[in-house]
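Q: Kindly return the folded structure for what I paste below:
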Amino acid sequence: MKIQIQPIGNAYAEQAIDLILTIQQKEFNIPITIQDQPDLLQIENFYTQAGGNFWGAFVDGEMIGTIALVKFDDRAGAIRKMFVKKEFRGKEFNIAQMLLEKLISFCNDNGIDDIYLGTITVLKAAQRFYERNHFVKIEKDNLPAKFPLMSADDIFYHLNID
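A: You can find the predicted model right below:
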């Protein structure tokens with residue numbers, strides 16, 4: 001199985017929306033809709049033009065994972081839309097790790113030293129994944145003022161890659 005990770009733009013919005021909403025709504029019963037996530041309809045405007053990026057992981061042309069970076073300050077970014085299709089999760093495939101490494105490499109190349117993210121209590125495996133990758137849990141009050149908050153998020157992490 002050959003996994004390809006590449007930057008994606010608006011042309012992939014439909015595939016990304018399908019993957020992400022299925023995981024959010026059907027798998028984790030998170031009451032979130034596409035209306036709550038307008039960024040997915042304008043990937044290039046929201047992510048790329050602001051200095052971040054959006055990546056997709058593909059197997060045989062099928063999108064099986066996503067990760068995105070919102071650059072919200074000169075040297076800081078927020079991880080968004082980190083999702084891997086259920087059948088492709090785990091150490092066997094290592095897709096989440098590959099996506100995260102692609103994002104960190106982009107940060108290193110683009111002078112971004114601090115990465116933040118928000119997640120949801122119910123996503124326990126995601127929290128373990130971030131902690132294994134040296135992210136440190138922080139209080140919401142300690143997030144940078146410009147951090148782009150998502151209403152559903154209730155747990156926050158920070159990683160310095162300087």
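
Q: pLDDT wise, what is the residue nearest to residue 160 when sequence neighbours are not counted at?
A: Nearest in space to residue 160, with sequence neighbours left out and distances taken as C-beta to C-beta, 6 or more residues apart in numbering, is residue 114 at 5.6 Å. Any C-beta I mention is one placed from the backbone N, CA and C, and that applies to glycine too. With respect to pLDDT, residue 114 has a value of 98.

Q: cool, residue 35 as well?
A: Value listed for residue 35 in the pLDDT field: 93.

Q: ok, now how distant is it from residue 21?
A: 11 Å (C-beta to C-beta, to the nearest Å).

Q: ok, now residue 144?
A: In terms of C-beta to C-beta, residue 144 sits 28 Å off from residue 21.

Q: likewise residue 65?
A: In terms of C-beta to C-beta, residue 65 sits 15 Å off from residue 21.

Q: between residue 35 and residue 21, which one's more packed in?
A: Using other C-beta atoms under 10 Å, the more surrounded residue of residue 35 and residue 21 is residue 21, with 17 against 7.

Q: So the residue nearest to residue 147 when sequence neighbours are not counted, which state does it fall into?
A: Of all residues not flanking residue 147 in the chain, residue 116 sits nearest, at 5.7 Å (C-beta to C-beta, 6+ apart). Classification of residue 116 using DSSP: H, G, I helix; E, B strand; the rest coil returns strand.
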